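S.K.: Quick one, what's the 3D model for this:
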Amino acid sequence: MKKISLLLPLLAVLWLGACRQQEAQPANEFPDVPTAVVQAVRIAYPTATGLSFTEIDKGNMWESDFSIQAVNHQATVNAKGSILEVYALGKGDALTGPQSVTLPAAAKAYIDKTYPGYKLVAVGEGQYNNQKAYKVSLRTEKEEVTLIFDASGTVILEFKAAITPVVEPPKTFPILKAEELPTAASNYLKENSLVFAKGMATVDKDNKKTYLVYATKGTTTYELAFDNDGKLIRSSSSTPTPPATTTVELKSISDLPAAAVAFLAGYTFEKGSVTTKEGKKTYSVVVNKDGKRYEMTFDGDGKVLTNTYTPRPTEKAMATSSELPGTSREYLTKTYPGWAFMKGVIVSTGSVVTSYTVVIKVGEVLYTVIFNGEGKFTSATRG
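M.R.: Down below sits the predicted model:
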């Protein structure tokens with residue numbers, strides 16, 4: 001009887017300890033979303049608020065919506081926790097409104113020329129496959145168009161979908177390699193000696209997918225569409241006309257006209273190219289002298305057209321966190337309570353600071369945090 005009475009208080013203590021331990025663990029806000037998907041967004045964007053997830057391809061792909069400093073963001077994340085694309089979104093008159101996005105001139109010109117009369121639904125600026133990109137949604141009463149441009153304004157992907165009576169933009173996610181296609185579709189590429197270039201999948205309400213694929217063979221580009229089972233349902237191809245302008249890399253200063261070679265006596269060659277347009281040549285070179293870097297252009301006779309001095313970026317190691325701007329330290333204190341400075345680098349071009357990179361420690365976890373030259377937060381990674 002004594003043994004039982006002694007065991008009861010002990011069990012009570014253990015039970016209370018277990019309860020406290022459970023209370024100390026954060027609640028799983030998204031029990032239906034893989035941990036790798038949630039952590040990918042939280043680590044990449046530690047200041048994100050209003051986080052939500054929508055499954056767009058069952059067990060494979062999720063769309064995450066969140067806000068950073070009142071700006072809406074949208075990311076596509078796969079089950080392994082890889083962020084395939086992410087954009088800061090503008091809505092309404094997104095090219096001039098309060099959440100404006102400035103598209104490259106080439107992208108805006110393409111939209112104006114190719115889709116006159118289409119309504120701009122949304123514009124996003126961010127990354128596609130780890131490269132800077134812009135995502136644009138256009139619409140008429142009958143059609144929804146999704147465009148992805150690279151940093152220069154060149155179209156990477158272009159997808160059109162008919163609008164059903166219930167107007168709802170299609171769910172899409174990137175296809176980054178042929179192995180992500182249905183077996184029949186990837187076999188079709190192999191059998192026809194086509195090299196996968198890029199792709200996109202759309203998912204309907206019944207979780208049936210349509211795959212839009214761009215592939216190449218020599219200089220010909222093929223636009224292919226496959227159904228959910230990988231059966232080819234549409235195909236077209238195009239071969240670009242030879243460019244009127246050609247550019248060839250230079251190997252040394254001696255590849256320049258004699259007058260340019262004489263002008264560059266004492267300079268060290270870094271890189272260069274010659275561009276031929278309508279029979280006229282223009283030479284561009286990057287050279288060094290006395291520790292300074294110069295960018296120059298010459299005409300076909302070797303006459304100097306431009307001569308620009310470009311300061312080299314320099315790096316300086318931080319001794320303490322006091323070398324960070326006050327705004328950066330305030331951000332770290334607010335976002336990473338209890339942080340400890342480990343090391344850091346200040347990058348400058350000439351006399352102008354362009355970025356601050358610091359490695360901090362919170363508990364046993366390391367974070368690498370990057371700020372711009374003004375000390376404003378740019379990005380963060382864990383580890």
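
S.K.: out of everything not next to it in sequence, what's closest to residue 266?
M.R.: With C-beta to C-beta, 6 or more residues apart in numbering as the criterion, residue 266 has its nearest non-adjacent residue at 6.1 Å, and that residue is residue 289. C-betas here are computed from N, CA, C, even on glycine.

S.K.: from memory that neighbour sits against residue 270, does it?
M.R.: No: contact criterion C-beta atoms under 8 Å: residue 289 and residue 270 do not qualify, at 10.8 Å.

S.K.: The closest residue to residue 337 other than its chain neighbours pairs with what?
M.R.: Leaving aside its sequence neighbours, residue 337 sits nearest to residue 362 (C-beta to C-beta, 6+ apart; 7.6 Å). With DSSP bridges applied, the residues forming beta bridges to residue 362 are residue 365.

S.K.: Report the central residue of the protein.
M.R.: Residue closest to the average C-alpha location in the chain (C-alpha atoms, centre = their mean): residue 127, at 1.9 Å.

S.K.: Helices along the stretch 251-383 of the chain, start to end?
M.R.: Taking DSSP state H, counting those that start in this stretch to define them, one finds helices in the stretch 251-383 of the chain at 258-263, 326-335.

S.K.: Okay, buried residues for the last one please.
M.R.: Within helix 326-335, the residues that qualify as buried are 328, 329, 331, 332, 335, counting by 16 or more other C-beta atoms under 10 Å.

S.K.: repeat for stretch 38-51
M.R.: Counting neighbours by 16+ other C-beta under 10 Å, one finds that the buried residues in stretch 38-51 are 38, 40, 41, 44, 45, 46, 48, 51.

S.K.: Show me these that map onto helices.
M.R.: Among the buried residues of stretch 38-51, the residues falling in helices (DSSP state H) are 38, 40, 41, 44.

S.K.: ok, of the buried residues of helix 326-335, which one's closest to residue 178?
M.R.: residue 335 (40.1 Å; C-beta to C-beta).

S.K.: which is the next helix or strand following whichever helix or strand residue 184 is part of?
M.R.: Secondary-structure assignment from DSSP states H and E places residue 184 in helix 183-191. Reading on from helix 183-191 to the C-terminus, the next helix or strand found by DSSP H and E is strand 195-203.

S.K.: Could you list the paired strands of that following strand along with their orientation?
M.R.: Within its sheet, strand 195-203 is paired with strand 171-175 (antiparallel), strand 209-217 (antiparallel), according to DSSP bridges.

S.K.: Using PDB, list the CA coordinates for the first one.
M.R.: Once non-C-alpha atoms are left out, strand 171-175 reads as follows in PDB (Å, rounded to 0.1, in the frame of the first residue of the first chain):
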ATOM      1  CA  LYS A 171      -3.500  26.700 -61.000                       C
ATOM      2  CA  THR A 172       0.000  26.300 -62.400                       C
ATOM      3  CA  PHE A 173       3.400  25.200 -61.400                       C
ATOM      4  CA  PRO A 174       6.800  25.000 -63.200                       C
ATOM      5  CA  ILE A 175       8.200  21.800 -64.700                       C
END
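
S.K.: centre of the chain versus that strand, how much separation?
M.R.: Using C-alpha atoms, centre = their mean, to the nearest Å, we find the averaged C-alpha position of strand 171-175 to lie 15 Å away from the chain's own average C-alpha position.
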